[in-house]
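**Q** quick one, what's the 3D model for this:
(2 chains)
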Amino acid sequence: MNVWRAPEVERPGGANIAPERQAVEELLAYHRATLLWKCGGLTGEQLAQRSCPPSSLSLLGLVRHMADVERGWFRQRLAQEDVPDLWRTAADRNGDFDGVDPARAADDFATLEAEVAAAREVAARHGYDDTFTFRHRNGVEETIDVRCLMLHMIEEYARHNGHADLLREAVDGSTGD
Amino acid sequence: MLASEREHLQNYLDHLRETLLWKCAGLTGDELRRRAVPPPSMSLLGLVRHLADVERVWFLERVDGQPDEPYWKTAENWDADFDDVDDADAEAAFARYGEAVAAAREVVAGRQLDETYTSTNRRGDTFTYDLRWVHFHMIQEYARHLGHADVLREQVDGTTGA
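**A** Below is the predicted model of the structure:
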């Protein structure tokens, strides 16, 4: 039986001069693809490796985390869909990072792909000046606009892609930004 | 937070600049110079030096048209900002970083996000972009390097946090 490996992906380019919405969406698409690109060609075992101790991060943990992040922001908070977290529970807020299982890597990738597709659908229904209110875990309510959410997503992906740079290099020596 | 596009971009970039310093806070020069993770050239001090030069390149040289005078890079070693940290003066690098950020803020003040610039990179490619793109580029550049800083800081003294 063939061993599953994370798919190799091509990353989309973007215009250097573009209106706000196009610039934001191209950049987010680029960073979403960069996380997958950083994982490309690795096995479930390699993806689950905690390769930069003492950090508990792994590439597969990042993939799972971003699926929960996509769902949390776009479906739960912006669209107010009644869907549960994927892996985080009240008892284990780090279930996304900690519950990595090499045998489930292909499923985790499919889940992220589905959440990204759902997030894109939700975002397409909104203008950047649209606002929404959500409650932080400490109970504090905050109102933000969709513009702020999109920038947050770019930052969140880019930061985790920085983790992915070091995790990937420690797994097999591959580098590249 | 509700604000205009421009305020959003500037606030975001400032937040990331502050996060870099926060990631380094409380460490000694030796700790900042420590090369903690693969690639072995990377250290928190290297990141501060690198981002000081990134601020200089984008805002001072490319947006404002000032001469290209790298802080640490040389023609022989284009990665000197990352590489040459073993004997580097951490305090001086932080001062240089602060100056670069202050100068970058001054350069941006009063300019429109739609203003365009043309540059030629080291490979000889010429490209044209606007100030909006520069902000996005800086935000992703900082965020990505802060991901490196997260792992480095945890290796130096166990501190985590975003």
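**Q** excluding its backbone neighbours, what's nearest the residue in chain A that chain B sits nearest to?
**A** Closest approach between chain A and chain B, counting by CB to the nearest CB: residue A:162, at 1.9 Å. Placement of C-beta: from N, CA and C, glycine included. Take residue A:162 and drop its neighbours on the chain: the residue closest to it by CB to CB, 6 or more residues apart in numbering or on different chains is residue B:147, 1.9 Å away.
**Q** surely the one you found is in a helix?
**A** Yes. According to DSSP: H, G, I helix; E, B strand; the rest coil, residue B:147 belongs to a helix.
**Q** how about it, what does it touch?
**A** By CB atoms under 8 Å, 6 or more residues apart in numbering or on different chains, the contact list for residue B:147 reads A:158, A:159, A:160, A:161, A:162, A:163, A:164, A:165, A:166.
**Q** restricted to strands, list those residues.
**A** Of the contacts of residue B:147, none are assigned to strands by DSSP state E.
**Q** just send those residues back as CSV, with distance to residue B:17 too.
**A** Compiled in CSV, the contacts of residue B:147 are given as follows (distance: CB to CB, whole Å):
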residue, distance to residue B:17
A:158, 15
A:159, 14
A:160, 19
A:161, 19
A:162, 16
A:163, 20
A:164, 22
A:165, 20
A:166, 21
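**Q** what sits against the nearest residue to residue A:145 once chain neighbours are set aside?
**A** Leaving aside its chain neighbours, residue A:145 sits nearest to residue A:131 (4.9 Å; criterion: CB to CB, 6+ apart). Listed by CB under 8 Å, 6+ apart, the contact set of residue A:131 reads A:143, A:144, A:145, A:146, B:2.
**Q** who wins for neighbours among the contacts of residue B:147?
**A** residue A:160 (28 neighbours; other CB atoms under 10 Å in any protein chain shown).
**Q** pretty sure that residue is touching residue A:62, no?
**A** Yes. Here residue A:160 lies in contact with residue A:62, judged by CB atoms under 8 Å, at a distance of 5.2 Å.
**Q** any shared contact partners between those two?
**A** residue A:35.
**Q** may I have the host helix or strand of residue B:105 as CSV, with CA atoms only?
**A** In this structure, residue B:105 sits in helix B:90-108 according to DSSP states H and E. Written as CSV, here are the backbone C-alpha positions of helix B:90-108 (Å, rounded to 0.1, in the frame of the first residue of the first chain):
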residue,chain,number,x,y,z
ALA,B,90,22.7,44.0,21.1
GLU,B,91,22.1,47.5,22.6
ALA,B,92,23.3,49.2,19.5
ALA,B,93,21.2,47.0,17.3
PHE,B,94,18.1,47.8,19.3
ALA,B,95,18.9,51.5,19.0
ARG,B,96,19.3,51.1,15.3
TYR,B,97,16.0,49.2,15.1
GLY,B,98,14.2,52.0,17.0
GLU,B,99,15.7,54.7,14.7
ALA,B,100,14.7,52.7,11.6
VAL,B,101,11.1,52.3,12.8
ALA,B,102,10.8,56.0,13.7
ALA,B,103,12.2,57.0,10.3
ALA,B,104,9.8,54.6,8.5
ARG,B,105,6.9,56.1,10.4
GLU,B,106,7.9,59.6,9.3
VAL,B,107,8.3,58.5,5.7
VAL,B,108,4.8,57.1,5.6
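**Q** how far away from the center of its chain is the next helix or strand after that helix?
**A** The element immediately downstream of helix B:90-108 (helix or strand, assigned by DSSP H and E) is strand B:116-120. Centroid displacement of strand B:116-120 relative to its chain, using CA atoms, centre = their mean, to the nearest Å, is 19 Å.
**Q** does chain A have contacts with strand B:116-120?
**A** Yes. Interface with chain A: strand B:116-120 contributes residue B:116 (CB under 8 Å from any CB of the partner chain).
**Q** extract the CA atoms of that strand and return them as PDB.
**A** Provided in PDB are the C-alpha atoms of strand B:116-120 (Å, rounded to 0.1, in the frame of the first residue of the first chain):
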ATOM      1  CA  THR B 116       3.300  53.800  -6.400                       C
ATOM      2  CA  TYR B 117       7.000  53.100  -6.600                       C
ATOM      3  CA  THR B 118       9.300  51.200  -8.900                       C
ATOM      4  CA  SER B 119      12.300  49.200  -7.800                       C
ATOM      5  CA  THR B 120      14.800  46.900  -9.200                       C
END
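**Q** show me where pLDDT drops low in the chain?
**A** Because you didn't say which chain, this covers chain A. A:1 (pLDDT under 70).
**Q** wrong one, chain B
**A** B:1-3, B:38-40.
**Q** what segments of it are strands?
**A** Using DSSP E, strands in chain B cover B:116-120, B:126-130.
**Q** state which helix of chain A is the longest.
**A** helix A:146-172 (DSSP state H).
**Q** what helices and strands are in contact with it?
**A** Counting contacts by 3 or more CB pairs under 8 Å, 6 or more residues apart in numbering or on different chains; DSSP states H and E, helix A:146-172 packs against helix A:20-39, helix A:59-70, helix B:5-24, helix B:131-157.
**Q** the ones you listed: which one's closest to residue B:91?
**A** Each of the helices and strands packed on helix A:146-172 has some distance to residue B:91 by CB to CB; the shortest is helix B:5-24, at 11.7 Å.
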